[in-house]
Structure formats: C-alpha cells, structure tokens
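following is a predicted model, sequence given first.
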Amino acid sequence: MSSSFKYIVRMFGTDVDGNKPIMLGLTSIRGIGFNMAFSIVKSLGLDLKRKMGELSDEEVSRLSKALQDPVSVGVPDWMVNRQKDFESGKNLHLNTSGLIMSVRDDITRMKKIRSYKGVRHERGLKVRGQRTRSTGRKGLVVGVKKKKGGGLLREAPAERGEKGREAPAEKGKEKEKPSE
C-alpha cells in the first residue's frame, strides 16, 4: 500500500472503509445499492478491483458528483430511486438524509390524504399486502386470551338440542317427568 492510501474515505456524511473495493465501499452509503454502484463505476471508467483508499482526491470528487446526479454520467433513468418526484416531476437519485426526509414526507402526505397506505402506516400495520393473521404480531400479548373461569361463553348446542329444543334423552336414561 502506498503512502497516499486512505483508510477512511468520507462521502455524503458516511465513513467508507478504504480497504473495500470501490463497488462494495459505495454500497455503504444509504441510497446506493450494488447495481447503482456498478453502473456508476463503469460509467466513470474506474477499475472495479481498486480499493476505495487508493482513489485520488480528484477521483473521489468525480465519484461524489456522479453519485449526486447519476443520469449525467450515463446511468439510465430507470435506475434512479426517485422517478418523477412528487414536487419537481424530475427523475432524482437521493442519498443519505435526502432519502430519509423524502420517505418521511411521502408517508406524512399519505396519512394526510387518508389513503389506504397512509392509514396502514398510522396503525402500524403491514402496508404492502403481506398477511397479518399469523405474522407481524407485536406488543406484550402474543397468545390468545382465555376467559378466567375457563367456562364456556354460551350454552353448548348439545345441551340445548337442535334449534333451541330440548336435547334428546341419552340411552339408558329415562327422561324425568316434572312433578305436579
């Protein structure tokens, strides 16, 4: 390793490990996935096997500009994480705090207009159609609540008989006649 090797590279408020290859180092930045990192590194013409710490200051600045606006360096529009932004209508790629704030604002807007997804967010339920009968349970009680007395809530149908009539007499037992 040369004397200009940096063990920590600071990008977008994130400390990127200098010992990692460029692509894997970029994935530690929030909002940059493996495919986006690959396409940006390829479009800038950098070697995929180089380590983050080996990059010069000029290459780091080029890389950070490309991460702010990946479409300008040749990344296709469909790869950005915010297509047709609600406020501006443009294709944006958001990173770190911008991504967190935009997601929070989107959820707040959904709650405000009382959309189905907004109501699910408010109630803390699953939003994307997952099943909720058996999974996603949280809180103190996870089991089924039982009645303290252990008795039945209502009279069993066998005791009442069918449709509320008296139950038929069991074999070997005679029905008692009411005394007059």
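Happy to help now that I have it. Worth saying up front: this structure is predicted, and the values here are computed from it rather than measured.

how about the helices in the chain?
In the chain, the segments counted as helices under DSSP state H are 22-26, 34-44, 57-68, 96-112, 116-123, 157-160.

possible to save those as a markdown table with mean pLDDT?
Below are those laid out as a markdown table (pLDDT from 0 to 100):
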| stretch | mean pLDDT |
| --- | --- |
| helix 22-26 | 91 |
| helix 34-44 | 92 |
| helix 57-68 | 91 |
| helix 96-112 | 91 |
| helix 116-123 | 92 |
| helix 157-160 | 57 |
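
so which of those is the most packed in?
Burial of the helices of the chain is given as mean neighbour count (mean count of other CB atoms under 10 Å); helix 22-26 ranks first at a mean of 22. (Each C-beta comes from the backbone N, C-alpha and C, glycine too.)

what's that one packed up against?
With contacts defined as 3 or more CB pairs under 8 Å, 6 or more residues apart in numbering; DSSP states H and E, helix 22-26 has these neighbours: strand 14-17, helix 34-44, helix 57-68.

okay, angle between the last one and helix 34-44 too, please.
It refers to helix 57-68. Inter-element angle recorded for helix 57-68 and helix 34-44: 130 degrees (by axes from the mean of the first three to the mean of the last three CA atoms, to 10 degrees).

which strands and helices sit next to helix 57-68?
Going by 3+ CB pairs under 8 Å, 6+ apart, helix 57-68 lies up against strand 8-11, helix 22-26, helix 34-44.

in TSV: the ones you listed, plus distance to residue 70.
As requested, these are exported to TSV (distance: least, CB to CB, whole Å):
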stretch	distance to residue 70
strand 8-11	14
helix 22-26	11
helix 34-44	6
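
dump the helices of the chain into JSON lines; add distance to residue 135 as well.
Formatted as JSON lines, the helices of the chain follow (distance: least, CB to CB, whole Å):
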{"stretch": "helix 22-26", "distance to residue 135": "32"}
{"stretch": "helix 34-44", "distance to residue 135": "28"}
{"stretch": "helix 57-68", "distance to residue 135": "36"}
{"stretch": "helix 96-112", "distance to residue 135": "22"}
{"stretch": "helix 116-123", "distance to residue 135": "15"}
{"stretch": "helix 157-160", "distance to residue 135": "34"}
